[in-house]
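Novice: Next come a sequence and a model predicted from it.
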Amino acid sequence: MNNDYLDPINALNMPELADTTFAMDFLLRTKEGVRNLAVALTESSSPAVRALLREQLMQGIALHQEITELMIRKKWFHPYELREQYQLDQLSANNAIKIGQMDLFPDDTNRKGMFDRTPDEH
Amino acid sequence: MNHQTLAAHEAVDLHEIVNFKTLCLAKSKLMQGLVFDEDLKKLMQKDVEQSIQSLKELQVIYQRAPFKASVPQSRPIPTIN
């Protein structure tokens, strides 16, 4: 991979790397969701709040299991073979650093002025 | 013990949980347009559907917050520049 974001060589195997990243983000959000709900539950007193948080906590635990199993099945996550996980982690980190160093958004991206009136108002 | 208005701590926690769930819903929806893998996209769709349901339920309970206020159509003070 090089820093030329137009070079097709960079697109080689990109889908796999992209999906790995999206799945990891999804996994981290489910983990955070479970943790947040557990903490909130321990700080709630109203029965209705506790019931709702408990239900969503259980749902969150189930979803976390699903995404974990999916990632293991797809070989995007290796909880048992940590040498593979190490390689994936470093590879993804390198890739993120390369993308981070690219000048992807040089032009003016401030489009705010386009959204402050309806088409017929001038 | 069944107060209509929420206790302070749980109400502020609900503020956190509502925001977190809102962002998770938005992100999963956005990601569906980016992912290549069909199975991952299906699981994200499940997350989107569950999150919509959860968020609605949270919003209802959140209405019992002591700091409740009427919700305007759009942001009270739009930030233009």
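Specialist: Looks like it arrived, so ask away.

Novice: Can you pull up the residues of chain B that come close to chain A?
Specialist: Residues of chain B found near chain A (CB under 8 Å from any CB of the partner chain) are B:1-3, B:6-7, B:9-10, B:13-14, B:16-17, B:20-21, B:24, B:27-28, B:31, B:34-37, B:39-40, B:43-44, B:46-47, B:50, B:54, B:57-58, B:61, B:64, B:78, B:80-81. For every residue, glycine as well, the C-beta is placed using N, CA and C.

Novice: Report the central residue of chain B.
Specialist: Central residue of chain B (CA atoms, centre = their mean): B:T22, 3.2 Å from the mean position.

Novice: my bad, should have said chain A
Specialist: Taking CA atoms, centre = their mean as the criterion, A:D25 is the residue nearest the geometric centre of chain A, at 2.0 Å.

Novice: for the one helix or strand it maps to, packing partners?
Specialist: If you go by DSSP states H and E, A:D25 is part of helix A:14-41. The contact analysis (3 or more CB pairs under 8 Å, 6 or more residues apart in numbering or on different chains; DSSP states H and E) places helix A:14-41 against helix A:47-73, helix A:82-101, helix B:8-32, helix B:38-62.

Novice: A:H64 contacts A:V34, correct?
Specialist: Yes: contact criterion CB atoms under 8 Å: A:H64 and A:V34 qualify, at 5.7 Å.

Novice: Any idea how many residues pack against B:M31?
Specialist: Neighbours of B:M31 under the rule other CB atoms under 10 Å in any protein chain shown: 21.

Novice: ok, now which ones touch the residue nearest to it when sequence neighbours are not counted?
Specialist: Nearest residue to B:M31 in three dimensions, chain neighbours excluded: A:F22, at 5.2 Å (CB to CB, 6 or more residues apart in numbering or on different chains). Contacts of A:F22 were listed using CB atoms under 8 Å, 6 or more residues apart in numbering or on different chains, and they are B:31, B:34-35, B:40.

Novice: Selection in ChimeraX covering whichever of these are buried, please.
Specialist: Per 16 or more other CB atoms under 10 Å in any protein chain shown, the buried members of those correspond to this ChimeraX selection:
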select /B:31,35,40
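
Novice: The contacts of A:F22: which two are farthest apart?
Specialist: Based on CB to CB, the longest span within those runs between B:L34 and B:L40 and measures 10.2 Å.

Novice: which regions of the chain sit below the pLDDT cut-off?
Specialist: Picking chain A for this. Applying pLDDT under 70 to chain A picks out residues A:1, A:122.

Novice: looking at chain B here, not the other one
Specialist: B:1-2, B:78-81.

Novice: List, one by one, the residues from chain A near chain B.
Specialist: Counting by CB under 8 Å from any CB, chain A sits next to chain B at A:15-16, A:18-19, A:22-23, A:25-26, A:29, A:32-33, A:36-37, A:39-40, A:43-49, A:52-53, A:56, A:59, A:63, A:66-67, A:70, A:74, A:112-113, A:116.

Novice: so what's the backbone phi/psi at residue 6?
Specialist: Defaulting to chain A. phi -100, psi -10 (degrees, to the nearest 10).

Novice: ah, I was thinking of chain B
Specialist: Dihedral pair for B:L6: phi -70, psi 160, per degrees, to the nearest 10.
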